[in-house]
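> Have a look; sequence and predicted model below, questions after that.
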4 protein chains.
Amino acid sequence: MGKQALRTAAKVDLEKPAAEQDCLHNRWHPDIPSFATIKNNEVVQIECVDWSQIKNDDSADDMKNVDLTKKILISEKVHYLTGPFEIETAEPGDVLLVEIQDVQPFPDQPWGFTGVFDKNNGGGFLDEIYPKAAKAIWDFEGIFCSSRHIPGVRFAGLIHPGILGCAPSAEVLAEWNRREGELISANTLDRVVALPPLPQNVHAGTASDDIKEKVGKEGARTIPGRPEHGGNCDIKNLSRGSKVFLPVHVKGAKFSVGDLHFSQGDGEISFCGAIEMAGVITIKFTVMKEGMKQLGMKSPIYIPGPVEPQFGPGRHIYFEGFSVDHNGRQHYMDTTIAYRETSLRCIEYLKRYGYDDYQIYLLLSCAPVQGHVAGIVDIPNACTTMGLPMDIFDFDISPHTPAQKRDMGSCAFASDD
Amino acid sequence: MGKQALRTAAKVDLEKPAAEQDCLHNRWHPDIPSFATIKNNEVVQIECVDWSQIKNDDSADDMKNVDLTKKILISEKVHYLTGPFEIETAEPGDVLLVEIQDVQPFPDQPWGFTGVFDKNNGGGFLDEIYPKAAKAIWDFEGIFCSSRHIPGVRFAGLIHPGILGCAPSAEVLAEWNRREGELISANTLDRVVALPPLPQNVHAGTASDDIKEKVGKEGARTIPGRPEHGGNCDIKNLSRGSKVFLPVHVKGAKFSVGDLHFSQGDGEISFCGAIEMAGVITIKFTVMKEGMKQLGMKSPIYIPGPVEPQFGPGRHIYFEGFSVDHNGRQHYMDTTIAYRETSLRCIEYLKRYGYDDYQIYLLLSCAPVQGHVAGIVDIPNACTTMGLPMDIFDFDISPHTPAQKRDMGSCAFASDD
Amino acid sequence: MGKQALRTAAKVDLEKPAAEQDCLHNRWHPDIPSFATIKNNEVVQIECVDWSQIKNDDSADDMKNVDLTKKILISEKVHYLTGPFEIETAEPGDVLLVEIQDVQPFPDQPWGFTGVFDKNNGGGFLDEIYPKAAKAIWDFEGIFCSSRHIPGVRFAGLIHPGILGCAPSAEVLAEWNRREGELISANTLDRVVALPPLPQNVHAGTASDDIKEKVGKEGARTIPGRPEHGGNCDIKNLSRGSKVFLPVHVKGAKFSVGDLHFSQGDGEISFCGAIEMAGVITIKFTVMKEGMKQLGMKSPIYIPGPVEPQFGPGRHIYFEGFSVDHNGRQHYMDTTIAYRETSLRCIEYLKRYGYDDYQIYLLLSCAPVQGHVAGIVDIPNACTTMGLPMDIFDFDISPHTPAQKRDMGSCAFASDD
Amino acid sequence: MGKQALRTAAKVDLEKPAAEQDCLHNRWHPDIPSFATIKNNEVVQIECVDWSQIKNDDSADDMKNVDLTKKILISEKVHYLTGPFEIETAEPGDVLLVEIQDVQPFPDQPWGFTGVFDKNNGGGFLDEIYPKAAKAIWDFEGIFCSSRHIPGVRFAGLIHPGILGCAPSAEVLAEWNRREGELISANTLDRVVALPPLPQNVHAGTASDDIKEKVGKEGARTIPGRPEHGGNCDIKNLSRGSKVFLPVHVKGAKFSVGDLHFSQGDGEISFCGAIEMAGVITIKFTVMKEGMKQLGMKSPIYIPGPVEPQFGPGRHIYFEGFSVDHNGRQHYMDTTIAYRETSLRCIEYLKRYGYDDYQIYLLLSCAPVQGHVAGIVDIPNACTTMGLPMDIFDFDISPHTPAQKRDMGSCAFASDD
């Protein structure tokens, strides 16, 4: 009863390649063996790695050429997740209640990064306008962060895991592969629309070679969140104190977690847009027997915690965007386009203070901006809004105060080819 | 100095047809004459009508056959706006700061309605699943509302105008007609995608017959919000205390307002989904000279007021949806589909308490649900969330408490043909 | 069902003396006849008067000489309450649940006042330091107020009734008279410490002369709140949406309400410190049978509503005060002294902007300042704090920004004798 | 720049007596030597001890006989503070801005305690009613805590330092001794009213014997907060993200900090009422030159951080108390008595669920209850309120739901003599 430190269910070694650590894996597959067992109602700490290979320096060459040493593209990129954990008594049809008691960076590594990928190697939400690779390093000072690459800004992180979920069953996994395969087959866009299973660089934890090969052939990639289990949902509010209710598809649940974010804005628009970090998450696990049926649940639900940063509604500037793109083309009820325009309106506003577009693109990805679906029925225009908290700036950005251009330095860019 | 009541800049007569009232109009056009003049920095009250012809009864026949007497379809439907008002000193390029000091229903008409249109006459966000016409009547008791058609629910209204904006210039109007016309021309969907100018049922305030005819031919319809001026943006948070910064396109601004809502949820998903009401809005007008350039503004921005209902983050249940539709089809980063799925997840959850799908569809349209763009970069799945405040229910809807089916009565439906 | 306006249970006439209106009274006594009957679960509107005789002008002579025409002192002053109302089915031992659905000023009288009494005629919390009479007139613009006497400030009112409660039983009334009488008898201070029953200027509603005489002899004065029923508790958060649970001591409850405030700060320090106004309160009444026993209740409890102005914790400056007075004298755990010092610290801070002490004294009385009991056990020093919301000022009062003295005009003062 | 862990300016050894550690001291005195130097604008971590000798067990004998082994009474008790720290460039008249970036318990000691002292050895706010010693042990799970001694309760800690301040100058110290000495001399109460300097058990850090003797004779005790520097102000909201502005009285400021609390309620009513813990505080220090004059500052001010737990106003039950004591005696405007009565009202309410009085007394001391000064001018009754957040309970304590008595076990009590 609290007389000693909480149990750590999995420890990572940041000096060692992720692919060589038994407690990590980088695909969703029911056959990846459980790394450890956690009791029902137990509270444990779980350590997580970050997207490795990004350096605390002032060049974005590492963003441009992610995994350069391995000659792989971002489209082959993976998250290394910690787990899977067998939760005692969990059975398919149950719900696993995951209470996030805390998330912390490692004390000896108090920094993280936000990045924009090159349009030709990953891209992002605004890559047609901002095609270059860029990054910002964030320093953590307790619950706050600031960046030498984006001066004038400082905020408390809404710290959370980008990815958490239970393993899919074989049936669920087959469904994922079917429907994403159909999208890939039917694709006529000049861009990657989904990522099929990929045998290269698979890490399946402690799996035998046979299983590992199977995981390579069938295993779901970690990039998208998926309705049946959540996964990489990238919800900025799954922070300290949140309760997440996850569907269980296999015996023991096989829960995994990773991709810790010190902070993120709604949308995580630059793709690698949260403040990525390594660290420790503290979770209480509780099994709700037959919970899926009782809750009528097809996708995860969650209840946020009580300690979200609160600025007051009147301390946000809200920008509006509609489904008319910046080339003047009218789209029909396209909320994605509306949100893109909303982001651009915010960028235009902040440029007046001397920030570069890329600095703001990075900032909106990781600061706690509120992205709302405002009106979604007034044909042909979907309307979305983005709320920017004024109090993360150390100068006054209110529309009532005349803007003055300042020397805002620069974020880190990649060198030209 | 406050020794007498505020000036009412326009009074409406709820007993008289809207089309016969000088202070109303139902198109956006620069040539509609100003009805009255308001000084810079003046605070005035402005009266607004509602979507007429909907009765406080228990049948949704009126929703099904909107404007039946006039034999027009909902696609011909209009909002009657109050105005236009000439704001002294306002010039194109200025910004009009609209401070919403209060919004109130008329004291002798303390009720409003939320409706679902028939799929063949208006439709809504979920019309493929819920094609029938339905409605709920809401009774107002001070700042709260409740409905005999959706028992067990009661909440404080986030009362606001659905529509506000300044008149377009001739150039802006031409641009609207160009781009919406192109969408209509290119349409291959089996549904109306946008509404072109319509000469029938035009009301242009005090315009001469010539002007009225011109307004009919060119005037923009009131249904969509548009980036250049806002208009029908349907933002639920433009409530008491909000400051809205509007671009000015014509001399005198020609500000109009209408479509008052007692409450609305993010998205206003059932189309006629807010609690529609007639009432009075109190506004302070301030002209910011050359504000558009100074603020780098292309679309309106706003700052919410300080009195939004606050439930605490931990008193919301958040539902997650992804761009995989309920037929199992994978879409590429489609936020609109993700939000539709999110809505369905919430409906499934609430049905367990005995509510009918249509009751919940109506409720999610008008209660203060929070619709967030969560992740918009994890190909192929956009992720959105909808936060449902638990405290609007008079019973416990927490996932920790077993759900019991109750007799929840029924919303109003249309009679069969 | 909402098809017509809510019933008004009592109407006042602001042109007529309060003492001549049947729906008003100015003492607490069980024998004052009920003015009207309200059903259990009914929602009604009730009109209230303000402290009359204060004018919307720029002199505080009326504050200095309250009730001058009647040659009475402030120590003889009364509140005129609306009621009593008989609530059907209420019996002693029940709890009356009072849900405050709304509070509004009368539309044609959109102003109120805050006053400081002369030290020799009423006084206030800081009267030893600020002995003069003063006042500020506040203009209402929707939910906001501002004052020509305290420039640079504007805020949304946390509008509420200062006084509400059910009539005491004969036993409860006797207890009040006993204990307050003992305090008066034992008084050695050079000031009035409590107000005994006073036969002059009694108004007992529709009571017969006999009853009126009895009420004059025994009736409790309206100034203090009292634990058994609440009364003049002056709680700033009893605003829109609050639920108050009141003990019932007599058959029918005999509920009364009055002393409406547009806004008040914690403590209401200048005595007449809230923004006093006339207006309408909308209440839903519900009887909880045997509620006192079930709730273990000796004094009222309440639950605030969801629409309090929210500025965010980081938008308040908190001042600290301890039980060491400004003359350097140490007191033992005296929270009243600590709060007085806290108020003075805030006054000193705000004076740097050019405000006069009396302007700030008035402001802290009526703006939504948060007064907290911080530490009450660290002998000999009680510690209290006062949180001042920065966003009620239209200039930056943050300690990070250098203060500039401005011309802040003046509040209204009384003329010298 | 964040590439390695933050510097720790002082490390404590929990295995070693506090009196033997150079970085600690237990009096306020200008001559205690600085333990270490911190740069202006530097962020450092500082370790703090707790009130030692309290064990994680189920007996309160240790509370009853605090410092038993040393045969000292609680009236001789001290806090061991970490420091003093010399802040470079700070001079008398400056203000030291202390930004609390984080506060954390030590990871290997995730528990704390709340205690009630015996009336004859320390006492507390309610000791006349609750004279016995008692305690509750709290287990920390991330940001949450729960106690086997007070079941059914769990909450996020509003973690903060109870004590922080800069050293007094010789003049300030002399003033403290004068005025507290006068209070002691004049005391006629049958209780200790203040604590004079005490030569026994003095720890003056690295001071020479001469200095140590002087500190023993003159040094101010750590129990009370004091207006000139703050000290033991026990403000529950000085949590993560707060900015505290402290007057500087000596060269180098000589800042000290200690008495970390995992959580506390307004008032800290049981005296040892916060959840006391050892741990680490992360602070950024900034010197504001001549800040005292510029801010018109006599006592510290602070601005809370943005991450306070937020339950929403409507999730609190507020209890009211007046300056009439539980023996029926009327006091004149005594806020301390009003707050005592308010506490009792809350205890009576919670007893209905099966809690023992002492369990609730402990709970109200450490849970984030809101203690407000409501009305402080309505003679003779001061009115205070206490807001109890409903969501810290894992069952429904709303007044709308009938209370059921449960088996709530017991807190730890001392054995009888």
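Yes, it's here. Since this is a predicted model, take the numbers as computed values, not measurements.

> roughly how far is the lowest-mean-pLDDT helix or strand in chain A from the heart of the chain?
None of the helices or strands of chain A scores lower by mean pLDDT, DSSP states H and E than helix A:61-64, at a mean of 86. Relative to its chain's centre, helix A:61-64 lies at 19 Å (C-alpha atoms, centre = their mean, to the nearest Å).

> Residues contacting the following helix or strand past it, please?
Downstream of helix A:61-64, the next assigned helix or strand under DSSP states H and E is strand A:81-87. For strand A:81-87, contacts defined as C-beta atoms under 8 Å, 6 or more residues apart in numbering or on different chains pick out A:9-10, A:12, A:23-26, A:32-38, A:40, A:46-49, A:96, A:163, A:167, A:205, A:222, A:252-259, A:285, A:287. C-beta here means a position set from N, CA and C on the backbone, and glycine is covered the same way.

> residues from the stretch 101-250 of chain A in reach of chain B?
A:124-125, A:175, A:179-180, A:182-183, A:187, A:189, A:192-195, A:223-227, A:230, A:232-237, A:241, A:245 (C-beta under 8 Å from any C-beta of the partner chain).

> Up against chain D, what does chain A have?
A:1-6, A:43, A:56, A:100-102, A:107-111, A:137-144, A:148, A:156, A:240-241, A:282, A:284, A:305-311, A:391.

> Of those, keep whichever come out buried.
Using 16 or more other C-beta atoms under 10 Å in any protein chain shown as the burial test, the residues of chain A next to chain D include A:2, A:6, A:43, A:100-102, A:107, A:109-111, A:137-144, A:148, A:156, A:240-241, A:282, A:284, A:305-311, A:391 as buried.

> restrict those residues to those near chain C?
A:Q310, A:F311, A:D391.

> For the last one, which three-state class applies?
Following DSSP: H, G, I helix; E, B strand; the rest coil, A:D391 is assigned to helix.

> Distance from the chain centre to stretch A:379-393, please.
For stretch A:379-393, the distance to the chain centre is 20 Å (C-alpha atoms, centre = their mean).

> what about the strands in the stretch 151-300 of chain A?
In order along the chain, the stretch 151-300 of chain A carries the following strands (DSSP state E, counting those that start in this stretch): A:154-156, A:160-166, A:225-226, A:230-231, A:243-247, A:255-261, A:271-276, A:279-288.

> Would you mind putting the ones you listed into JSON lines with mean pLDDT and distance to A:D357 alongside?
JSON lines is the format used below for the strands of the stretch 151-300 of chain A (pLDDT from 0 to 100; distance: least, C-beta to C-beta, whole Å):
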{"stretch": "strand A:154-156", "mean pLDDT": "97", "distance to A:D357": "20"}
{"stretch": "strand A:160-166", "mean pLDDT": "97", "distance to A:D357": "25"}
{"stretch": "strand A:225-226", "mean pLDDT": "96", "distance to A:D357": "28"}
{"stretch": "strand A:230-231", "mean pLDDT": "96", "distance to A:D357": "31"}
{"stretch": "strand A:243-247", "mean pLDDT": "97", "distance to A:D357": "35"}
{"stretch": "strand A:255-261", "mean pLDDT": "97", "distance to A:D357": "23"}
{"stretch": "strand A:271-276", "mean pLDDT": "90", "distance to A:D357": "15"}
{"stretch": "strand A:279-288", "mean pLDDT": "98", "distance to A:D357": "30"}
